[in-house]
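Enquirer: here is my input, please return the structure:
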Amino acid sequence: MRMSATTSEYVDVFKRLGELGLSIPDTKGLVILPRGFESVGSAAELAEESDSSTLRKLLVEAGVATHLTKYEGQNLPVSVRRSAEWVAPTLFVGPLLLSQNPYAIEVALGVMESYIADYLRGLWPSKEVKLSFVIETSRSKKCKKLTYRGPVSGIKELTQLIRDLSDE
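Expert: Okay, the predicted model is just below:
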């Protein structure tokens with residue numbers, strides 16, 4: 001099975017949170033961004049991926065500060081996607097996370113790899129996953145999106161790519 005990791009420019013996460021009226025998260029942790037965050041016209045069109053709450057709980061239990069975005073103090077509705085691949089919610093890597101907790105990404109990727117492997121066991125023969133991370137670069141303060149598509153076993157290889165993007 002092929003693996004690919006691509007990077008692209010992304011909207012300014014903090015500016016977009018303000019435009020949508022979503023709570024500004026603690027930048028020392030991961031933030032689970034809702035589906036459509038980059039492109040919807042209003043917060044009413046947003047939805048959390050079906051596994052967002054479970055993933056947040058597992059990450060917090062592993063010691064990685066993780067936040068869900070909220071609108072007017074309420075959780076966003078949950079959306080279920082049916083496809084032949086597992087699609088994770090997009091995770092925003094807060095600007096202080098890597099500097100204050102350098103192993104957080106490694107721990108987070110390990111938790112995600114275990115969860116996804118257990119979730120997919122016996123469900124889909126291809127076991128292809130799609131993960132997206134948005135990273136604010138430390139020098140330019142621009143946001144970049146890292147998209148991974150491939151086998152569960154390749155997830156841990158993303159650690160260095162995330163660190164490299166953060167250092168730009």
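Enquirer: could you point out the longest helix of this structure?
Expert: If you go by DSSP state H, the chain has its longest helix at helix 104-120.
Enquirer: which strands and helices sit next to that one?
Expert: helix 52-61, strand 86-87, helix 97-100, strand 128-136, helix 158-167 (3 or more Cβ pairs under 8 Å, 6 or more residues apart in numbering; DSSP states H and E). In this view, the C-beta of every residue, glycine as well, is placed from N, C-alpha and C.
Enquirer: show me the contact partners of stretch 54-62.
Expert: 30, 32, 66-68, 88-89, 107-108, 110-112, 115 (Cβ atoms under 8 Å, 6 or more residues apart in numbering).
Enquirer: and the end-to-end length of stretch 43-63?
Expert: Stretch 43-63 has its terminal residues 29 Å apart, counting by Cα to Cα, to the nearest Å.
Enquirer: gap between it and the chain center?
Expert: 9 Å (Cα atoms, centre = their mean, to the nearest Å).
Enquirer: quick check: buried residues in it?
Expert: Of the residues in stretch 43-63, 43, 46-49, 51-52, 55-56, 58-59 count as buried by neighbour count, 16 or more other Cβ atoms under 10 Å.
Enquirer: of all the residues you listed, which two lie farthest apart?
Expert: Using Cβ to Cβ, those span at most 25.9 Å, a distance reached by A43 and L58.
Enquirer: does I135 really touch K141, like I thought?
Expert: No. Between I135 and K141 there is no contact under Cβ atoms under 8 Å: 11.2 Å.
Enquirer: more neighbours: those two, which one.
Expert: Using other Cβ atoms under 10 Å, the more surrounded residue of I135 and K141 is I135, with 29 against 10.
Enquirer: how about low-confidence regions in the protein?
Expert: 1, 24-27, 70-87, 122-126 (pLDDT under 70).
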